[in-house]
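Engineer: I'll drop the sequence and a predicted model, then ask my questions.
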Amino acid sequence: MTSISERPTDVVSAGLHDLVKPDEGVVSRTVFVDEAIYRTELDRVFTRTWLFIGHESQLREPGDYLTNFMGEDPVIATRGADGGIRVMLNSCAHRGMAVCTTDAGTSKFFRCPYHGWTYSNNGDLIGVPRADTVYNGELDKSRLGLKAVPRVETYKGFVFANWDENAIPLVDYLGADQLWYLDLAFEAPLGGLEVIGPTMKFRIKGNWKLAAENFAGDDYHVLYTHGSAFQIGFLPDYDMLADYIANFDHGHGMGDISKPGRAYQNDVGMAQFLGPEAIEYVTAVHERLQARVSPLQAEMHGLGEGNIFPNLSWIKFGVFHVFGLFQWHPKGPGEMEVWQTSFFDSAAPQSVKDFARTQMSQENAAAGIFGQDDGENFEQITESARGFVSQTRDFNYAMGLGHEGEVHEEGYPGRLGPHFSEQNHRNFYRYWLELMTTQGEQK
Amino acid sequence: MTSSLTDLRRDVEDFLYREAKMLDEQRYDEWLGLFTEDVRYWMPITETREVRQPRDHVPGEWALMEEDSRFLAKRMERLAGGLAHAEQPRSRTRRFISNVLVTPGPDDDLMAECNFIVFQSRRANSEQFFVGSRRDRIVTSGENWKIAERTVLLDHRVLPRAISIFF
Ligand code: FES
Ligand SMILES: [Fe+2]
């Protein structure tokens, strides 16, 4: 990737230590609106980190494909005839037309609508109209395939890709500490996790980092931004739900971590309200967890929400909650496109599936009561950050500064913090700054 | 179309226009009264698919909205509570309903299809249009007509913003 990482972004990079000071709990508003910083992010953040592409259940058969974005680059992911999953740039090697214009489908090849160059679904250029005459037979097709993303790896069915061929393996990037928690979501389903419908997509006129840092552990905002959810009884008292947040290497963070036993108690209470099938289900899942993960993980039972650096957030409370993924696709410094994919246990009873699905639509989704109000924050923050004077006032991320490492829960991995702290934001910007001010492979 | 269906269409148009006006004027309690107790309100997610690989929306797939009357009422309670930040202050909206088609449904119900354009203006500069179609099952047997099923199909693949208004 030298051609990408040697772009002249040094000028931008050099000034960033003055703008972003995680250890002092301050970040300049400039990093949320500046075009040059944004271009540098597309290079140094989005071509060097593992980005979510899709789930294996969306690419079941050879020929299946889906489209997504890596940063602002459109990509196609395919399952080839050999069963392998490949990710490639969705842009013709001739003059850049998109060769695939749909969300998903099945095809052995992609034909460019402009001049008709045709690529196999593993990206090889296999057909050029009138190649013998118009190119005098001199066109070297082997050099003109769709640009392949060099690294594609999966973790428990979730496919990620990375433009950096020297990147550390996906599993190391995610890290054992973070996976200790996330594994609860992946090991709990009695069947498998399956995608439960199309990807939901909507725009927010806000900088992508505002959404990412929010899911990385901004539990403090829930009290007021989502005050309406408590007011109408959609959620119980917030202090009954969770106790901690935690962060991990490579900028990842999560929130709404509960003390052992709490999430299970909440689910049992919920099951009583939902009926006999739900009671049976929560018991079956709990037994399954006891058999598959450590006793402490099983006792922890439920998760919360988090952000996998840079822009993949997730949410998963107890067994009655879908596993929801949010991609905050950057679309310029002042706008993001949200792609939401939801997963649930294929073997859950229909009544439980129905509850989980509708609850997610009503909660953290485009028309959900959480989703609406979050978007409003990100938009108005970005709008006000454009002002000259407002850029002289740094954002404040000082909550819990000087008190990190004071919270412990026996056996819980990661850097634990109290429910309300900005330690995870600082962790996010520390890694962001490291990537933005260095070149080459990430550590 | 028989003349009685023509008359019915006028009545249905009248019903839908009044509903649109209620929403534009934020008379939400009255709006809730237009739905049956067991209403099914459904707004699936639009996809972009290959011409030869279409896919129908199926019940049970994740949707933008999938509501019963209880949760619709919760949404109104939320708006009234003063903490629904996405609608504080309220958006200005203007609804345009057209292309109304009426066919007989089961029992004495009517199936009403229409197109809509909804303009939303938020605060100072946030302005967007939502465009789509609706299909309603209207129960006409009671004292007042009520909507028992509503399917809303937005034409957008990527919504211009989160949805804080009603369709
Ligand atoms: S741009 Fe694709 S064939 Fe010319
Ligand atoms: Fe939120």
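Structural biologist: Now that the structure is in, tell me what you want to look at. Residues are numbered from 1 along each chain as shown, chains lettered A, B, ... in the order given. Ligands and ions are numbered 1, 2, ... in the order given.

Engineer: where do the strands of chain B begin and end?
Structural biologist: Applying DSSP state E to chain B gives strands spanning B:35-43, B:65-67, B:92-104, B:110-122, B:126-139, B:146-154.

Engineer: least confident secondary structure element in the chain?
Structural biologist: Picked chain A for this. Least confident element among the helices and strands of chain A, by mean pLDDT, DSSP states H and E: helix A:2-5 (a mean of 43).

Engineer: low-confidence stretches in chain B?
Structural biologist: B:1-3 (pLDDT under 70).

Engineer: which positions in it make contact with chain A?
Structural biologist: Contacts of chain B with chain A, taken as Cβ under 8 Å from any Cβ of the partner chain, map to B:43-50, B:53, B:60-67, B:71, B:74-75, B:77-78, B:81, B:83-87, B:126, B:157-164. (Each C-beta comes from the backbone N, C-alpha and C, glycine too.)

Engineer: selecting buried members of those residues in PyMOL, what would you type?
Structural biologist: In PyMOL, this line selects whichever of the residues of chain B next to chain A come out buried by 16 or more other Cβ atoms under 10 Å in any protein chain shown:
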select buried, chain B and resi 43+44+45+46+47+61+62+63+64+65+66+67+71+74+75+77+78+83+84+85+86+87+126+159+161+162+163+164
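
Engineer: enumerate every residue touching residue 16.
Structural biologist: Looking at chain A here, since you left the chain open. Counting by Cβ atoms under 8 Å, 6 or more residues apart in numbering or on different chains, A:L16 touches A:V31, A:I37, A:L433, A:M436, A:T437.

Engineer: please refer instead to chain B.
Structural biologist: Residues near B:L16 by Cβ under 8 Å, 6+ apart: B:I97, B:V100, B:A112, B:C114.

Engineer: for chain A, what's its nearest residue on chain B.
Structural biologist: B:W62 (3.0 Å; Cβ to the nearest Cβ).

Engineer: how about that residue: what's its closest non-neighbour residue?
Structural biologist: Spatially, and ignoring its direct neighbours in sequence, B:W62 is nearest to A:G197 (3.0 Å; Cβ to Cβ, 6 or more residues apart in numbering or on different chains).

Engineer: any idea how far that neighbour is from ligand 1?
Structural biologist: 32 Å (Cβ to the nearest ligand atom, to the nearest Å).

Engineer: tell me who's in contact with that residue.
Structural biologist: A:G197 sits next to A:S342, A:R357, B:P44, B:I45, B:E61, B:W62, B:A63 when contact means Cβ under 8 Å, 6+ apart.

Engineer: can I get those in a markdown table including distance to ligand 1?
Structural biologist: As requested, these are exported to a markdown table (distance: Cβ to the nearest ligand atom, whole Å):
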| residue | distance to ligand 1 |
| --- | --- |
| A:S342 | 35 |
| A:R357 | 40 |
| B:P44 | 33 |
| B:I45 | 30 |
| B:E61 | 34 |
| B:W62 | 35 |
| B:A63 | 36 |
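
Engineer: from the residues you listed, which land in helices?
Structural biologist: If you go by DSSP state H, these have A:R357 in helices.

Engineer: hmm, which two among the contacts of A:G197 are most spread apart?
Structural biologist: The largest separation in the contacts of A:G197, counting by Cβ to Cβ, is between A:S342 and B:P44 at 13.5 Å.

Engineer: beta partners of the residue at minimal distance from the centre of chain A?
Structural biologist: Chain A has A:L312 as the residue nearest its centroid, 1.0 Å off, counting by Cα atoms, centre = their mean. Under DSSP bridges, the beta-bridge partners of A:L312 are A:I308, A:Q327.

Engineer: what separation is there between it and B:R157?
Structural biologist: A:L312 is 21 Å from B:R157, where distance means Cβ to Cβ, to the nearest Å.

Engineer: same question, B:R137
Structural biologist: Counting by Cβ to Cβ, the gap from B:R137 to B:R157 is 27 Å.

Engineer: try A:F110
Structural biologist: For A:F110 relative to B:R157 (Cβ to Cβ), the value is 19 Å.

Engineer: which ones are touching the residue lying closest to A:D18 once chain neighbours are set aside?
Structural biologist: Spatial nearest neighbour of A:D18, chain neighbours left out: A:S28 (7.9 Å); criterion: Cβ to Cβ, 6+ apart. Residues in contact with A:S28 (Cβ under 8 Å, 6+ apart) are A:D18, A:L19, A:V20, A:Q391, A:D394, A:F395.
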